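Novice: Give me the fold of what follows.
(one chain, ligands or ions: 1)
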Amino acid sequence: MSEAPNSDQTRATLRAITEADAEGYRACLDRVAAERRYLAFTAAPPLQEVKFYIKAMLQRGLPFIVAVDGSGLVVGWCNIHVLPQTEHRVGFSHVGTVGMGLDAPHRGKGLGREMLQSVFDTAGRVGIERVELQVYASNESAVKLYRRFGFVTEGIKSRARKIDGQYDDIIMMARLRPPSRG
Ligand SMILES: CC(C)(COP(=O)(O)OP(=O)(O)OC[C@H]1O[C@@H](n2cnc3c(N)ncnc32)[C@H](O)[C@@H]1OP(=O)(O)O)[C@@H](O)C(=O)NCCC(=O)NCCS
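Specialist: Below you'll find the model as predicted:
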């Protein structure tokens with residue numbers, strides 16, 4: 001597992017992401033991806049792509065936070081992405097997808113719960129009513145966290161991933177907020 005350089009393991013704090021976090025966020029994403037267990041990719045995208053993504057999320061006011069350790073290092077993130085509405089793609093602006101991760105030393109300390117609470121507080125304000133996610137069945141702590149948060153299982157893709165000789169099921173989950181007339 002790739003470790004964050006000189007990571008301060010005291011409890012991290014949460015704040016909104018800024019464009020200046022692009023490298024730190026990308027490095028954290030890369031470390032979690034490199035574990036080859038939890039995410040759909042095994043390395044972070046190129047920095048330019050990450051910068052573009054953060055800028056677009058900020059411009060659209062979508063929820064995006066980072067967890068930062070005592071030395072200022074980004075050790076986690078949580079966001080809810082909504083696909084942009086276009087002329088020919090309408091009817092989905094109330095649907096978001098959550099993504100999150102923490103560096104290994106910062107897991108199991110309640111930060112995941114805190115991060116989800118934070119992005120959901122913002123989600124309601126920007127009209128997100130349905131939040132979806134996909135999680136590997138082997139990722140027990142994540143599944144437990146999502147269930148506790150009101151996510152329900154909508155389907156299971158059996159043996160949907162095969163990596164390093166191991167199969168994993170993908171659980172599709174969603175959480176709905178009461179419908180609005182908007
Ligand atoms: C998933 C993740 C974000 C959860 O954050 P976290 O800070 O570790 O979770 P929390 O400490 O808030 O704990 C949430 C729940 O999971 C449980 N939990 C935490 N670590 C656990 C573990 N290793 N095994 C089983 N349950 C665990 C906690 O007990 C808690 O349940 P509780 O509310 O009943 O006490 C984090 O573990 C992580 O980054 N994992 C790797 C990346 C990843 O899986 N991303 C999500 C992909 S879908």
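Novice: going forward, measure contacts between C-alpha atoms and count neighbours the same way
Specialist: Noted.
Novice: Need the contact partners of the helix or strand of the chain with the lowest mean pLDDT.
Specialist: Lowest by mean pLDDT, DSSP states H and E among the helices and strands of the chain is helix 111-125, with a mean of 94. Judged by CA atoms under 8 Å, 6 or more residues apart in numbering, the contacts made with helix 111-125 from elsewhere in the structure are 12, 14, 62-65, 77-80, 101-102, 129, 145.
Novice: same thing but at 7 Å, please
Specialist: When contacts are taken as CA atoms under 7 Å, 6 or more residues apart in numbering, the neighbours of helix 111-125 outside the stretch itself are Pro63, Phe64, Cys78, Asn79, Leu145.
Novice: before we move on, what SS does the residue most central in space within the chain have?
Specialist: Within the chain, the residue whose C-alpha comes closest to the C-alpha centroid is Gly99; the distance, by CA atoms, centre = their mean, is 1.7 Å. On the three-state scheme (DSSP: H, G, I helix; E, B strand; the rest coil), Gly99 is labelled strand.
Novice: anything in stretch 92-102 near the ligand?
Specialist: Yes. Where contact is defined by CA under 6 Å from any ligand atom, part of stretch 92-102 touches the ligand, namely Met100, Gly101, Leu102.
Novice: Buried residues, that stretch. List them.
Specialist: Of all the residues in stretch 92-102, those buried under the rule 16 or more other CA atoms under 10 Å are Ser93, His94, Val95, Gly96, Thr97, Val98, Gly99, Met100, Gly101, Leu102.
Novice: Ok, stretch 159-173 next?
Specialist: Counting neighbours by 16+ other CA under 10 Å, one finds that the buried residues in stretch 159-173 are Asp168, Asp169, Ile170, Ile171, Met172, Met173.
Novice: follow-up on the earlier one: pretty sure the residue nearest to the centre of the chain contacts Gly76?
Specialist: No. Counting by CA atoms under 7 Å, Gly99 stays clear of Gly76, with 10.6 Å between them.
Novice: Can you report how many residues neighbour Lys157?
Specialist: Residues contacting Lys157 under the criterion other CA atoms under 10 Å number 14.
Novice: now do Lys109
Specialist: Other residues lying near Lys109 total 11 when counted by other CA under 10 Å.
Novice: Just give the nearest non-adjacent residue to it, would you?
Specialist: Computed as CA to CA, 6 or more residues apart in numbering, the closest residue to Lys109 that is not its neighbour in sequence is Arg11, at 7.8 Å.
Novice: give me phi/psi at the one you found?
Specialist: As for Arg11, its main-chain torsions (degrees, to the nearest 10) stand at phi -60, psi 130.
Novice: before we move on, what about the one 10 residues further on?
Specialist: When read as degrees, to the nearest 10, the backbone of Asp21 gives phi -90, psi 0.
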